[in-house]
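Asker: I would like to see how this sequence folds:
(2 chains)
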Protein chains: 2
Amino acid sequence: MNYETPLFFRVMEYANAADRDVIDMVSGNPDWEPPAALREGLREYADLEPDRFQYPPSEGVLELREEIAARRGVDHDQVVITNGGGEANYLAMARALERDNGSEILLTDPVYPYYPGKTTMLGGTQTFVETSADGRLDPNVVRDAASDDTVAIVVNTPNNPTGAVYPEATMQELVTVAEAHDAILISDEVYDHYDLSGQFTSALSIDSTHRIVTNAFSKSMAATGLRVGYSIFPPDLVEAAKSRHMLVNVATTRPGQYAVLNALRETPTEYYERNRHRLRERVVTFTDALDAAGAEYTRPNGSFYVMARFDGYPGSLENLMRLIDDVGVAGMPGEAFGDSRTAWFRFALVSPRVKEAAARLADYFD
Amino acid sequence: MNYETPLFFRVMEYANAADRDVIDMVSGNPDWEPPAALREGLREYADLEPDRFQYPPSEGVLELREEIAARRGVDHDQVVITNGGGEANYLAMARALERDNGSEILLTDPVYPYYPGKTTMLGGTQTFVETSADGRLDPNVVRDAASDDTVAIVVNTPNNPTGAVYPEATMQELVTVAEAHDAILISDEVYDHYDLSGQFTSALSIDSTHRIVTNAFSKSMAATGLRVGYSIFPPDLVEAAKSRHMLVNVATTRPGQYAVLNALRETPTEYYERNRHRLRERVVTFTDALDAAGAEYTRPNGSFYVMARFDGYPGSLENLMRLIDDVGVAGMPGEAFGDSRTAWFRFALVSPRVKEAAARLADYFD
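Answerer: Below you'll find the predicted structure:
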């Protein structure tokens, strides 16, 4: 079996090896502080009794599952704590494929590259559905693409890489399409705390046994390295998902779960508001510079990313490397996200130097 | 697809719900202190800069891989840091199956129950080979069982549940059998720090491109909840294993990796010697009581476990539950480990109350 290694790591290696100052806008690692209570949770954990250093329950620490369940309006039995959003999506997609009623997974184009990679690894096949220039997904296009072989529709809202946020009507329609084909809508909502539009709708708000919601604390708590996330399954799918989680990972890291639980309980809403505010300012700074550079771009409604296109300078890996060497700005080539955005680049607004990066790009393409 | 949930968690639930004091000898969670430097590592991590809270390299923190590689005499490129021994074995078995030259995995009977569970989940088939009453594995039996369909031989030394430690000649022969069938010897060595016999031989000491070694810091550092382990692959198998690791988990928890690295560097050998000494004492205490109870048992050469058999009281789940209720001692039923030990129970010597448990059993069966 072969499955492609995502390009992220190759690009980061190239940027790190460059012979000049490079502003890193490659990957979605927040550059801001995690919650103080998350750091405090790790400190507290370090001093706990030895038995707290042993296996947590496989499906996750009960108090954390209860805290998540209360916030998301589900039963804690439906919640599995995972090794970040990565494992959450892996479990969800595996579950959809193992219902043994088909092998096709519908993905959007552009797409977060881990989804097709996971699909192939799990023995599924991908069908890509188009999105509009600004990233909106038309549920009718999904309906037309769905077939009896469809086991899942995987979406990401707020979206990486387009910055689109799907409105309630879209989410409702996607669930309806999934139900019509006895498939599962898998909604990856890891950027839910970075909705800049007020339009974000969780798939959980639509009552159905045909949707799985995945999430993580990686982005909301600026701690992608902690590796704590979760999946919320319909009751009839959760037991088999717990088994796979147990057989793959046994359990999710306990100090991380402890720290996240403490941060969930103790972090004021101002923390999240401050991070959204910072992101909003960076969007303005960066898109102003893109205007000055005469670039075409998508103004994000959420997530961390701006996709941009420069006249006569398509978003290939080769051109991305040239941008690193000649301009000192590292993004991602559009071709990493599928066939529809090969002319584009993606820039992650998670650098304190967004303004400088914007100025460099404006100078270069002016 | 269906794969069985290991019994561990059911037994622990039953023991926890019991209406009396129960001595927990169910699962292999050390009851002693993790290294002071592991706690200190977590404390230090809590105060690092925000960028240290972001994704570590997918294959693991470089300094940790280098430290492991130096200790194990391999190149750090061969080392993948995993979410504990669980993921290490999962990656190893997946890799063996994905070489596309068969689907059969040879396992021992008795067996650590996660191995058959993982095999089924990964689409493989199991063939079990007998071990002798004291857990020794005869390589000739493995040779006879191996076929052109064999992709892997999975062994665990020191062994859970038998306590056997395979001598060098056995390891050498197992590698030879694997090579003869273009299969992979997967050697799970998670109990390597608890060799009580001086006979332990790592598969790494046998030069071959047909073996994968898995390990973790869960047992050696008394931190099963941290979830940090590793696999060491032959050079031609490591890249695909890294891809799967990335697509399943993205990366392994970073505070855990930081803490383990600090503990590896700073923990004196006395820490490990003290833990082996404690285990040796417990083996004597427990087996003395088993003698008093007229029980048959295996004296372990390593790992945490004693298998014991009581006359007219076979090791079924039902009888295990009776032991919990009537005696206040929780072990594991032998039937959890395969067909060959259904008359036996397994007791994990990782309770400060081993002496009391032994006395209770001696009283009951006297």
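
Asker: I'd like to know how many residues surround residue A:47.
Answerer: Residues lying near residue A:47 (other C-beta atoms under 10 Å in any protein chain shown) number 10. Bear in mind the C-beta positions are built from the backbone N, C-alpha and C, glycine included.

Asker: Grab the nearest non-local neighbour of residue A:254.
Answerer: residue B:225 (3.5 Å; C-beta to C-beta, 6 or more residues apart in numbering or on different chains).

Asker: List the contacts of the residue most central in space within chain A.
Answerer: Residue closest to the average C-alpha location in chain A (C-alpha atoms, centre = their mean): residue A:190, at 4.9 Å. Contacts for residue A:190 (C-beta atoms under 8 Å, 6 or more residues apart in numbering or on different chains) come out as A:85, A:156, A:214-216, A:218-219, A:229.

Asker: does the residue nearest to residue A:254 sit in a helix or strand, and which one?
Answerer: Using DSSP states H and E, residue B:225 falls within no helix or strand.

Asker: In helices, which of the contacts of residue A:190 appear?
Answerer: residue A:85 (DSSP state H).

Asker: could you pick out which of the contacts of residue A:190 are near chain B?
Answerer: residue A:85 (C-beta under 8 Å from any C-beta of the partner chain).

Asker: Relative to residue A:68, how far out is the residue nearest to residue A:254?
Answerer: Applying C-beta to C-beta, to the nearest Å, the value for residue B:225 to residue A:68 is 19 Å.

Asker: more crowded one of these two?
Answerer: Each of residue B:225 and residue A:68 has its neighbours counted (other C-beta under 10 Å); residue B:225 has more, 27 against 22.

Asker: and the gap between that one and residue A:50?
Answerer: Taken as C-beta to C-beta, the span from residue B:225 to residue A:50 is 10 Å.

Asker: swap in residue A:274?
Answerer: Counting by C-beta to C-beta, the gap from residue A:274 to residue A:50 is 38 Å.

Asker: ditto for residue A:113
Answerer: On the measure of C-beta to C-beta, residue A:113 and residue A:50 end up 41 Å apart.

Asker: and the two? which has more neighbours close in?
Answerer: For residue A:113 versus residue A:50, neighbours defined as other C-beta under 10 Å are more numerous around residue A:113 (19 against 15).

Asker: Am I right that that one is in contact with residue A:337?
Answerer: Yes. Taking C-beta atoms under 8 Å as the definition, residue A:113 is a contact partner of residue A:337 at 6.5 Å.

Asker: Next to chain B, which bits of the stretch 101-250 of chain A? Give me the list.
Answerer: So far as C-beta under 8 Å from any C-beta goes, the stretch 101-250 of chain A lies against chain B at A:114, A:117-118, A:121, A:222-227, A:239-240, A:242-244, A:246-250.

Asker: switch the cut-off to 10 Å
Answerer: With C-beta under 10 Å from any C-beta of the partner chain as the criterion, the stretch 101-250 of chain A meets chain B at residues A:114-115, A:117-123, A:216, A:218, A:221-229, A:239-240, A:242-250.

Asker: For the stretch 251-366 of chain A, what lies in contact range of chain B?
Answerer: So far as C-beta under 10 Å from any C-beta goes, the stretch 251-366 of chain A lies against chain B at A:251-259, A:350.

Asker: Check for me that residue A:105 belongs to a helix.
Answerer: No. Residue A:105: not assigned to a helix; according to DSSP: H, G, I helix; E, B strand; the rest coil it is strand.

Asker: In this structure it contacts residue A:129, no?
Answerer: No. If you go by C-beta atoms under 10 Å, residue A:105 and residue A:129 don't touch, sitting 11.0 Å apart.

Asker: which of those two has more neighbours?
Answerer: residue A:105 (28 against 20).

Asker: Show me the beta-bridge partners of the more buried one.
Answerer: residue A:126, residue A:152 (DSSP bridges).

Asker: elements contacting the helix of greatest length in chain A?
Answerer: Identified as the longest helix of chain A according to DSSP H is helix A:269-292. Packed against helix A:269-292, as judged by 3 or more C-beta pairs under 10 Å, 6 or more residues apart in numbering or on different chains; DSSP states H and E, are the following elements: helix A:36-46, strand A:296-297, strand A:305-309, strand A:345-348, helix A:354-365.

Asker: Would you mind listing the buried residues in that helix?
Answerer: A:271, A:275, A:278-279, A:282-283, A:285-287, A:289-290 (16 or more other C-beta atoms under 10 Å in any protein chain shown).

Asker: out of these, which one sits closest to residue B:163?
Answerer: Among the buried residues of helix A:269-292, residue A:271 lies closest to residue B:163 (C-beta to C-beta), at 50.7 Å.

Asker: Now that that closest one has come up, it's in contact with residue A:264, right?
Answerer: No. Applying C-beta under 10 Å, one finds residue A:271 not in contact with residue A:264, separated by 11.3 Å.

Asker: what sits in contact with each of the two?
Answerer: Shared contacts of residue A:271 and residue A:264 (C-beta atoms under 10 Å, 6 or more residues apart in numbering or on different chains): A:35, A:37-38, A:220-221.

Asker: Pick the one among these closest to residue B:301.
Answerer: Looking across the shared contacts of residue A:271 and residue A:264 and measuring by C-beta to C-beta, the closest to residue B:301 is residue A:38, at 43.7 Å.

Asker: Roughly how far does residue A:27 sit from residue A:300?
Answerer: In terms of C-beta to C-beta, residue A:27 sits 16 Å off from residue A:300.

Asker: Compare the two (neighbour count), which wins?
Answerer: residue A:300 (30 against 19).

Asker: which SSE is the more buried one in?
Answerer: Going by DSSP H and E, residue A:300 is not in any helix or strand.

Asker: ok, back up a step: list the residues that contact both of residue B:225 and residue A:50?
Answerer: Taking C-beta under 10 Å, 6+ apart as the criterion, residue B:225 and residue A:50 both touch B:29, B:34.

Asker: before we move on, back to that, any chance you could list residues touching both of residue A:113 and residue A:337?
Answerer: Joint contacts of residue A:113 and residue A:337 (C-beta under 10 Å, 6+ apart) are A:7, A:160-161.

Asker: mind giving me a markdown table with those and columns for neighbour count, secondary structure and pLDDT?
Answerer: A markdown table is the format used below for the shared contacts of residue A:113 and residue A:337 (neighbours: other C-beta atoms under 10 Å in any protein chain shown; DSSP: H, G, I helix; E, B strand; the rest coil; pLDDT from 0 to 100):
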| residue | neighbour count | secondary structure | pLDDT |
| --- | --- | --- | --- |
| A:7 | 17 | coil | 76 |
| A:160 | 27 | coil | 97 |
| A:161 | 31 | coil | 96 |
